[in-house]
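J.: for reference, the sequence and a predicted model appear below.
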Amino acid sequence: MQTIKSPYNFRGGIHPAYNKKLSNGSAIESLPLPAVLSVPMSQHLGAPAKPCVKVGDEVKKGTLIGAQNGFISAPIHSPASGKVKVITDVATASGRPCQAIVIECDESNETEFLPPIENWQKSDKDDLLTRIGETGIVGMGGAGFPTKVKLSPPMDKPIDTVIINGAECEPYLTSDHRMMVEHAKEIRIGAEIIRSILGAKTLRIAIEDNKPDAIKAIEDAFQDIEGDVAIAVLHTVYPQGSEKQQIYAVTGREVPSGGLPMDVGCVVENTSTTFAIYEAVIKGLPLMQRVITVTGDAVQKPANLLAPFGTSYQDLIDACGGFTEDKPAKVISGGPMMGFAVSSLETPTGKTSSGLLLLSKKRVSQYSSQACIACGRCVEACPMNLIPSELSQFIEAEDIEGAEEIALMNCIECGSCAFVCPAHRPLVQHMRRGKAAVMAKRMAANAKG
Ligand code: SF4
Ligand code: SF4
């Protein structure tokens, strides 16, 4: 196993203030079990899970409470033992409502896990994939795509390279960083399981060069691994953690427009997802909890908390000593670049909740948007080779087809364009609105047949 400096740099990108020091030295702490968990049925991309318990049912930690409801979907398991209090609608971090099973937790800590897969190296690949599917594992880096589907590429798309994504390029967030420092050995086993399922020759662990302690921990844990394995040390630049940019940075391969990583023989998995695969196969654990970074200048004690899904943001904030002075001016689910501003502290966490950012008035800029001055900075910053100024003008004029023609759907919503825009144009909001309109149009066309 060797450590190599990546020779490739993707086009564009930005260098925001990373502000990771607030929490990158804080060891992972387990959140005390909340009295109540509101477990959303939609914590993934695709169809929400279907509740399979009813009010009054007793559940154990690990009991299936939401059944997978389609090919692109994932099951949901109870993160604690207790009783189902109510099944109701909640607002998720993205603002979309979904059903949630509200569990009154008890202290019995009774569990209902699957048996470990002994000697996984000799197991059938399909058995490993079944385990990853039945334990509800989805991409924990943000997209929430069901992992079983991602690890089942068609026969004509062989995968030769697995990349474990430890870049964590979003400012403020440190949950993946801490996972690498504290759970490198488990991540190694998870990575070996992924490589074995895909039959991939090459394994790379991609880490930005602003995380030397994570690089060291991974080097120690992987040192005697066999085959074509290396740590790819990447330049610190946002959005280095984005799949397509990372594949280029690590391999020099370009995912074609509208294509997927498998089109260039790659699969990228986040470090927390890789850890979840280890737990599912080696310990039989469903995905029920994750590490979330609670940070920002408006919270007393920034931390990396291991919290069960369905924990309210208020419970996370209380565990960090509450707010600093008065209420924060902005609460963001995720990081400042790709996260969503939330309006309620009752919002529950889920499988893709990597961070909760609380910013005081001092940190929140108030700008009014102005007309584009055609400076071209957004074009320089865009890592997808798009023309954000033109795209946003098409979308503002409701010319969605015009935006689609100049590759709107290639936008990864990274926010780099808005970050550099001197006219403070809400470019990402325009992209999100335009992409939603295209998707609605495509779904309507599909429904008509
Ligand atoms: S948000 Fe979209 S348009 Fe803007 S820089 Fe990122 S990829 Fe380009
Ligand atoms: S950065 Fe802003 S002002 Fe400059 S071209 Fe892009 S949208 Fe226009």
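T.: Looks like it came in fine. Residues are numbered from 1 along each chain as shown. Ligands and ions are numbered 1, 2, ... in the order given.
J.: give the buried residues for the longest helix along the chain.
T.: Secondary structure of the chain per DSSP state H: the longest helix is helix 427-448. Burial within helix 427-448, assessed by neighbour count using 16 or more other C-beta atoms under 10 Å, is assigned to L427, V428, H430, M431, G434, K435, A437. All C-beta spots, glycine's among them, are computed from the backbone N, C-alpha and C.
J.: closest one of those residues to D399?
T.: The shortest approach to D399 among those belongs to G434, at 9.5 Å (C-beta to C-beta).
J.: distance of D228 relative to T324?
T.: Separation of D228 from T324 (C-beta to C-beta, to the nearest Å) stands at 48 Å.
J.: can you pull the residues of the stretch 151-300 of the chain lying near ligand 2?
T.: Where proximity means C-beta under 6 Å from any ligand atom, the stretch 151-300 of the chain presents no interface facing ligand 2.
J.: in the stretch 151-300 of the chain, what residue lies closest to ligand 1?
T.: Per C-beta to the nearest ligand atom, the residue of the stretch 151-300 of the chain with the smallest distance to ligand 1 is P239, at 7.4 Å.
J.: and that residue, what is it in contact with?
T.: G13, C169, Q245, M337, P383, I412, C414, S416 (C-beta atoms under 8 Å, 6 or more residues apart in numbering).
J.: in strands, which of these fall?
T.: Members of the contacts of P239 lying in strands (criterion: DSSP state E): none.
J.: all strands of the stretch 301-449 of the chain, in order?
T.: 303-308, 330-333, 340-341, 355-359 (DSSP state E, counting those that start in this stretch).
J.: comparing these, which comes out most buried?
T.: Ranked by mean neighbour count under mean count of other C-beta atoms under 10 Å, the strands of the stretch 301-449 of the chain are led by strand 355-359, which reaches a mean of 26.
J.: picking up where we left off before, so what does the longest helix of the chain touch, helix or strand wise?
T.: Here helix 427-448 touches helix 388-396, helix 400-405, helix 416-420, going by 3 or more C-beta pairs under 8 Å, 6 or more residues apart in numbering; DSSP states H and E.
J.: wait, which of the ones you listed is closest to P286?
T.: With C-beta to C-beta as the criterion, P286 lies closest to helix 416-420 of the helices and strands packed on helix 427-448, at 36.1 Å.
J.: touching the closest one from outside, list them.
T.: With C-beta under 8 Å, 6+ apart as the criterion, helix 416-420 contacts 12-14, 16, 238-239, 337, 377-378, 380-383, 388, 424-428.
J.: A91 contacts S42, doesn't it?
T.: No: assessed by C-beta atoms under 8 Å, A91 is found out of contact with S42, at 11.2 Å.
J.: which one is the closest residue to ligand 2 within the stretch 1-150 of the chain nearest to, not counting chain neighbours?
T.: Scanning the stretch 1-150 of the chain for proximity to ligand 2 using C-beta to the nearest ligand atom identifies I14 as nearest, at 11.8 Å. Leaving aside its chain neighbours, I14 sits nearest to S416 (4.8 Å; criterion: C-beta to C-beta, 6 or more residues apart in numbering).
J.: quick one, phi psi at I292?
T.: Torsion angles at I292 (phi, psi; degrees, to the nearest 10) stand at phi -130, psi 130.
J.: and it, how close does it get to ligand 2?
T.: Between I292 and ligand 2 the distance is 33 Å, computed by C-beta to the nearest ligand atom, to the nearest Å.
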